[in-house]
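>>> Any chance you can model this:
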Amino acid sequence: MKIKDISHLKPACIMELFGLTPDNDTVDSIELTNKKGMKLKVITYGATITSLKMPLKRGGFVDVVLGFDDLESYINSFDLESPPYFGATIGRYAGRINKGVFSLNGNLIHLNKNNNTNSLHGGNIGFSQRIWKVKKVTEGKNPSVTLTYLSPNNEENYPGDLSVNLTYTVSEENELIVEYTATTNQDTIINLTHHSYFNLDGHDSDILEQELIVNSQKMLETTNQNSPTGRFLELENNPFDFNESQKCPPEIDNTFVLEKQNEEFAASLFNKKNNLRMSVFTNQPAVHIYVGGNCFNTIKGKENADYNSLSGICFETQNFPDAPNHEHFPSSILRKEEIYYHKTIYKFQSF
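Modelled structure (predicted):
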């Protein structure tokens with residue numbers, strides 16, 4: 001593809017055309033590389049991470065996230081029976097809003113429903129399917145890209161114009177730093193998250209032999225439709241207690257409560273095959289962990305990979321799902337005079 005002539009970009013920051021939508025809108029790809037060779041690729045469709053290549057101490061690189069090679073596959077993936085949201089930015093509200101309804105300032109808000117009777121990950125067309133704009137690219141040490149999206153009032157029936165800035169930074173310590181800020185002109189709710197499927201053995205492998213730790217003492221109890229009941233489950237003697245390292249489970253779709261956010265790591269993943277570890281840090285009150293990635297033999301992944309239900313694991317740092325409907329959950333309301341701020345770090349270490 002032809003590289004755009006952008007004079008302020010140097011080889012550590014490369015922007016090029018990724019594709020055109022059916023409506024002929026341009027989608028760009030931005031590549032950031034730190035001085036150690038860690039390489040991130042992001043596209044403006046859904047502010048999506050398509051590739052994250054990590055240098056290994058023994059030599060070589062491994063692409064640790066699932067994704068597709070072309071825009072058409074990303075667009076078509078939302079028509080799968082269970083869209084994977086590979087690498088996407090999720091909003092306005094990550095997770096489920098039970099029955100697609102919540103109350104704000106005494107008014108009932110009815111959202112679009114896209115998951116049985118619930119609203120999931122922002123509704124029919126969430127932030128993951130919108131085209132974001134590149135606001136700023138920084139070069140040199142700790143290169144970064146800032147993308148922005150203005151969600152208009154009543155998009156998916158959410159109140160208020162919501163202005164979001166998202167910055168991806170590739171630090172010289174081999175960290176992927178994800179930072180969101182948002183403001184609104186009207187009281188609204190917000191819960192943003194990142195939805196990469198990680199696999200430290202490479203995007204075309206499975207995660208069953210990789211070791212998981214979750215630094216949590218309790219998780220949310222859910223209904224059979226995976227909406228929170230409002231109760232908490234203690235993790236001691238629970239099969240989902242990952243305070244001690246265990247192999248990744250073949251099935252997990254649970255929200256873990258983080259009581260010491262900002263102070264300690266939220267979760268970690270370790271692959272003994274290449275001695276690569278990823279640790280997750282966040283200022284959010286929860287991390288939702290999900291194993292999946294199935295493309296149902298319908299769409300091929302990167303490099304012709306066949307992704308299945310064991311292909312990757314998500315660490316969705318966020319507020320609690322359905323928080324607007326539970327007064328004792330952390331508030332998800334963003335007032336018009338406030339600024340939303342979310343920071344998550346995925347730190348990689350090669351031994």
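>>> going forward, measure contacts between C-alpha atoms and count neighbours the same way
Fine.
>>> Return the set of residues that bridge with the spatially most central residue of the chain.
Nearest to the geometric centre of the chain sits residue 194, at 1.4 Å (Cα atoms, centre = their mean). When assigned by DSSP bridges, residue 194 has beta-bridge partners residue 89.
>>> separation between it and residue 282?
The spacing between residue 194 and residue 282, counted by Cα to Cα, to the nearest Å, is 12 Å.
>>> Now list whatever residues contact both of these two.
Residues touching both residue 194 and residue 282 (Cα atoms under 8 Å, 6 or more residues apart in numbering) are residue 317.
>>> where exactly do the helices run in the chain?
For the chain, the helices defined by DSSP state H cover 71-77.
>>> which stretches of it have low pLDDT?
Applying pLDDT under 70 to the chain flags the ranges 1-11.
>>> and if we set it to 80?
1-12, 261-262 (pLDDT under 80).
>>> Just to check, residue 128 is in contact with residue 86?
No: using Cα atoms under 8 Å, residue 128 is not in contact with residue 86, being 9.2 Å away.
>>> so what's residue 280 closest to, chain neighbours aside?
residue 346 (4.8 Å; Cα to Cα, 6 or more residues apart in numbering).
>>> overlap in contacts of residue 128 and residue 86?
residue 48.
>>> Distance-wise, check residue 248 relative to residue 126.
Relative to residue 126, and taking Cα to Cα, residue 248 is found at 29 Å.
>>> picking that back up, pretty sure the residue nearest to the centre of the chain contacts residue 93?
No: Residue 194 lies out of contact with residue 93 (Cα under 8 Å); the separation is 11.5 Å.
>>> before we move on, back to that, so what pairs up with the residue nearest to residue 280 in the strands?
Applying DSSP bridges, one finds that residue 346 bridges with residue 176, residue 280.
>>> what are the ranges of the strands in the stretch 151-300 of the chain?
162-170, 175-184, 188-189, 193-195, 197-198, 211-214, 218-222, 228-234, 246-247, 253-257, 267-271, 276-282, 286-292 (DSSP state E, counting those that start in this stretch).
>>> For those strands, give me CSV that also has distance to residue 102.
Output for the strands of the stretch 151-300 of the chain, formatted as CSV (distance: least, Cα to Cα, whole Å):
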stretch, distance to residue 102
strand 162-170, 18
strand 175-184, 18
strand 188-189, 10
strand 193-195, 20
strand 197-198, 29
strand 211-214, 30
strand 218-222, 18
strand 228-234, 14
strand 246-247, 37
strand 253-257, 20
strand 267-271, 30
strand 276-282, 26
strand 286-292, 20
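>>> Residue 66 is nearest to which of those?
strand 197-198 (5.6 Å; Cα to Cα).
>>> Distance from the chain centre to that closest one, please.
Strand 197-198 sits 9 Å away from the centroid of its parent chain (Cα atoms, centre = their mean, to the nearest Å).
>>> Show me what that strand packs onto, helices and strands only.
Applying 3 or more Cα pairs under 8 Å, 6 or more residues apart in numbering; DSSP states H and E, we find strand 197-198 packed against strand 312-318.
>>> and the closest residue to residue 344 other than its chain neighbours, how many residues sit next to it?
For residue 344, ignoring the flanking residues on the chain, the nearest one in space by Cα to Cα, 6+ apart is residue 282 at 4.3 Å. Residue 282 has 26 neighbours, counted by other Cα atoms under 10 Å.
>>> do the same with residue 116
When neighbours are counted by other Cα under 10 Å, residue 116 comes out with 11.
>>> repeat for residue 105
8.
>>> Same check on residue 111?
24.
>>> What distance do you get for it to residue 209?
Using Cα to Cα, we find residue 111 at a distance of 40 Å from residue 209.
>>> got it, and residue 279?
The value you get for residue 279 to residue 209, if Cα to Cα is used, is 17 Å.
>>> do residue 67 as well
Distance from residue 67 to residue 209, by Cα to Cα: 21 Å.
>>> Give me the more crowded residue out of the two.
Neighbour totals were compared for residue 67 and residue 209, and residue 67 leads with 30 against 15 (other Cα under 10 Å).
>>> For that one, list the residues it contacts.
Applying Cα under 8 Å, 6+ apart, the residues contacting residue 67 are 49-51, 86-87, 203, 301-302.
>>> Identify the residue nearest it in space, chain neighbours excluded?
Per Cα to Cα, 6+ apart, closest to residue 67 is residue 50, 5.3 Å.
>>> what number of residues lie near that neighbour?
25.
>>> what's near enough to touch residue 47?
By Cα under 8 Å, 6+ apart, the neighbours of residue 47 are 88-89, 128, 131-132, 147.
>>> Next one: it from residue 130, what distance?
Taking Cα to Cα, one finds residue 47 at 8 Å from residue 130.
>>> swap in residue 258?
Residue 258 is 30 Å from residue 130, by Cα to Cα.
>>> Looking only at neighbour counts, state which of those two leads.
Comparing residue 258 with residue 130 by neighbour count (other Cα under 10 Å), the higher total belongs to residue 258, at 26 against 16.
>>> and that one, what are its phi and psi?
Main-chain dihedrals, residue 258, degrees, to the nearest 10: phi -110, psi 110.
>>> wait, it sits on residue 286?
Yes: if you go by Cα under 8 Å, residue 258 and residue 286 touch, sitting 5.0 Å apart.
>>> which residues touch the residue nearest to residue 67?
Residue 50 sits next to 40-43, 65-68, 86-87 when contact means Cα under 8 Å, 6+ apart.
>>> Which one (most neighbours) among the residues you listed?
That'd be residue 67 among those, by other Cα under 10 Å, with 30 neighbours.
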